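Asks: quick one, structure for this:
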Amino acid sequence: MKRGGIWRKLKKRVAVLTAVFVFGCVGRTYAAEECRLMQISIEEHKLISYVECGGKVEGAEAQVAQSACENVEVIRPEDISVHTIILLDNSLSVSESNRENIKSILKQYFQEIQKNETISFAVFGEELLFLIEKSQNMDEMLQVIEKLEFHDQNTYLTDYLYEVLDKIEKDCQYTRLIIISDGVDNREVGITKDELMSRLGEISRPVYTIGHIYKDNSDELKNMFALSRVTGGQEFLIEDYEDLNQISAEIHNLTNIYLVKTDIPQNVMDGGKKNILLRVHTESGDAEVTGAVSMPFALVEDEPVLEDKKESETIPEPTPEPEPIQETEPEQEVEQKPIPEPIPVQEPESTGVETSKIIGIIVAVAAAIVLVVYQKKSKQKKKQLEANVSMPQKEPEEDVTEILDGRYLLVLRDRDNLERIFRYPLDNHVIVGRNTDMVQIAIDYNLTVSGQHCEFYMKKHRFFIQDMNSANHTYLDGKIVTGETEIISGSTIRLGEVEFSVEIMPI
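Replies: Down below sits the predicted model:
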């Protein structure tokens, strides 16, 4: 049974009355059947809309601006792919009793994970740290919860939620967030609550919030629960529940989420933001919801290219060219008759003398060229000998990063456990990460390392490292790796919480 019944009833009434996305991304219902737009995005030239309806959806119509959409398809809840991202505040503002309550809620949720759902799980305080990424492995999730620790630290939810929204902005599967904290707080020079609310309106992803009482945190809880009301999610106060399994059961319920997929009319694909109208047909009537999304650009250059091709294909009409050849042939025959007359001119005698002179000149020029080439080659040999003598003076500056010849071996040593040494030849790209099936060097003993975390490779006789969009980033000598970054033997890298010394040696 629930406690705090007045609070719960009031929340539900507010949720029903505000079945709207505040910033123009989710519209209101115009029929008795309650419907609302939960998420909207673009996949190539398709409009992807997720709608929550109280009854079974039998069909839908769609309109972008003033243009009707074609090929409207409705996909049932059991066929929808779901990605749930859980963000947990693991600071000491969570009391001892609520730490156990939170672990209990998470265990129950993981044990009931659905077949079409993947889980990402992160803790946040002064840093955001992903411990699980898009996983369906229940055993892995339960192990993470067993090892969960809480630390004395500040929490900056606004910054990290904003960061996560940027990552999932282009995801077209149904993506939702679950936030477990004692409220919303932000850095003095970080993302503000207003900026976060505006971003939630632009991206439109449902947010579920699970809060708990800690000292006098009523204002912080109100700010956090507002995230759910703005995005069409749900809010839960742990102290309102005697049976915490009810929280997990309510979040798991996705039986009313439908995917409406449709083609985008070509005439509206101009890169601008357009209003969307969905008319949903349900068992008990029709409902209309509205939203807004930025359009892609249509490729309108296809037709001119085809016209150019046709023109180029018709150009080969200069076939009449053989006709002038036939016309000149008779003229050549007429000219061939007087040709024997100039033959008596005795030019061959003079040409014989001239050709002998020319041959002599050619021989003299050739001899001169050979002499010049020989002199140049001898000068080049002298320069090479001088360069070879001076080369050893430059080697100490270039040997650090430049490859002179042969193969090289990449060696990574765990700085916390020197017995863990990883070696792999640097013949091609060497990928490092936790997924043993997709990497050359597997770091499978720490959950803060991503499946494919970073890669090493050689380019233009130098060594480089690059991050592969890892959740917890790659650091080289204490600095975050944001792109292709040169690395030398003796450097230190950090993948999540694991730190390695790097050696690159010839083999």
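Asks: switch to C-alpha atoms for all contacts and neighbour counts from now on
Replies: OK.
Asks: surely I105 is in a helix?
Replies: Yes: using DSSP: H, G, I helix; E, B strand; the rest coil, the assignment for I105 is a helix.
Asks: ok, now how distant is the residue lying closest to S93 once chain neighbours are set aside from Y457?
Replies: Nearest non-adjacent residue to S93, counting by C-alpha to C-alpha, 6 or more residues apart in numbering: Y214, 6.6 Å away. Using C-alpha to C-alpha, to the nearest Å, one gets 50 Å for the distance from Y214 to Y457.
Asks: these two: which is more packed in?
Replies: Between Y214 and Y457, Y457 has the larger neighbour count (other C-alpha atoms under 10 Å), namely 19 against 15.
Asks: and L47, that's in a strand?
Replies: Yes: assessed with three-state DSSP, L47 lies in a strand.
Asks: contacts only, for it.
Replies: I40, S41, K261, T262, D263, I264 (C-alpha atoms under 8 Å, 6 or more residues apart in numbering).
Asks: put the buried members of those into a ChimeraX selection.
Replies: In ChimeraX syntax, the buried subset of these is picked out as below (16 or more other C-alpha atoms under 10 Å):
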select :40,41,261,262,263,264
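Asks: so which of the contacts of L47 comes closest to V57?
Replies: Proximity of the contacts of L47 to V57 was ranked by C-alpha to C-alpha; the top entry is K261 with 13.4 Å.
Asks: and the pLDDT at that closest one?
Replies: According to the predicted model, the pLDDT of K261 comes to 94.
Asks: and if you look at E327?
Replies: Confidence for E327, expressed as pLDDT, is 44.
Asks: got it, and I359?
Replies: At I359 the predicted local confidence, pLDDT, stands at 71.
Asks: any idea which element it lies in?
Replies: Using DSSP states H and E, the secondary-structure element containing I359 is helix 347-398.
Asks: that helix: what's the following helix or strand?
Replies: Toward the C-terminus, helix 347-398 is succeeded by strand 408-414 as the next helix or strand (DSSP H and E).
Asks: what's that next one packed up against?
Replies: strand 421-425, strand 498-506 (3 or more C-alpha pairs under 8 Å, 6 or more residues apart in numbering; DSSP states H and E).
Asks: okay, F121 and M141: tell me how far apart.
Replies: Using C-alpha to C-alpha, F121 is found at 8 Å from M141.
Asks: I misspoke; the intended subject was R415.
Replies: The spacing between R415 and M141, counted by C-alpha to C-alpha, is 27 Å.
Asks: of those two, which one has the most company?
Replies: A count of neighbours by other C-alpha under 10 Å puts M141 above the other of R415 and M141, at 20 against 16.
Asks: show me the shaky parts of the stretch 1-150 of the chain.
Replies: Segments of the stretch 1-150 of the chain classed as low confidence (criterion: pLDDT under 70) are 1-33.
Asks: quick check: chain neighbours aside, which residue is closest to N428?
Replies: The shortest distance from N428 to any residue other than its chain neighbours is 6.2 Å, reached at Y457 (C-alpha to C-alpha, 6+ apart).
Asks: want to throw the contacts of L47 into JSON lines with secondary structure?
Replies: Output for those, formatted as JSON lines (three-state DSSP):
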{"residue": "I40", "secondary structure": "strand"}
{"residue": "S41", "secondary structure": "strand"}
{"residue": "K261", "secondary structure": "strand"}
{"residue": "T262", "secondary structure": "strand"}
{"residue": "D263", "secondary structure": "strand"}
{"residue": "I264", "secondary structure": "coil"}
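Asks: okay if I get the contacts of L47 as a markdown table plus distance to I251?
Replies: Formatted as a markdown table, the entries for the contacts of L47 read as follows, by distance: C-alpha to C-alpha, whole Å:
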| residue | distance to I251 |
| --- | --- |
| I40 | 20 |
| S41 | 22 |
| K261 | 24 |
| T262 | 28 |
| D263 | 31 |
| I264 | 32 |
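Asks: ok, the contacts of L47 vs V289, which is closest?
Replies: Closest to V289 out of the contacts of L47 is I40 (11.7 Å), distances taken as C-alpha to C-alpha.
Asks: please tell me how far the nearest residue to that closest one once chain neighbours are set aside sits from C172.
Replies: Nearest residue to I40, sequence neighbours excluded (C-alpha to C-alpha, 6+ apart): S49, at 4.5 Å. Counting by C-alpha to C-alpha, the separation of S49 from C172 is 9 Å.
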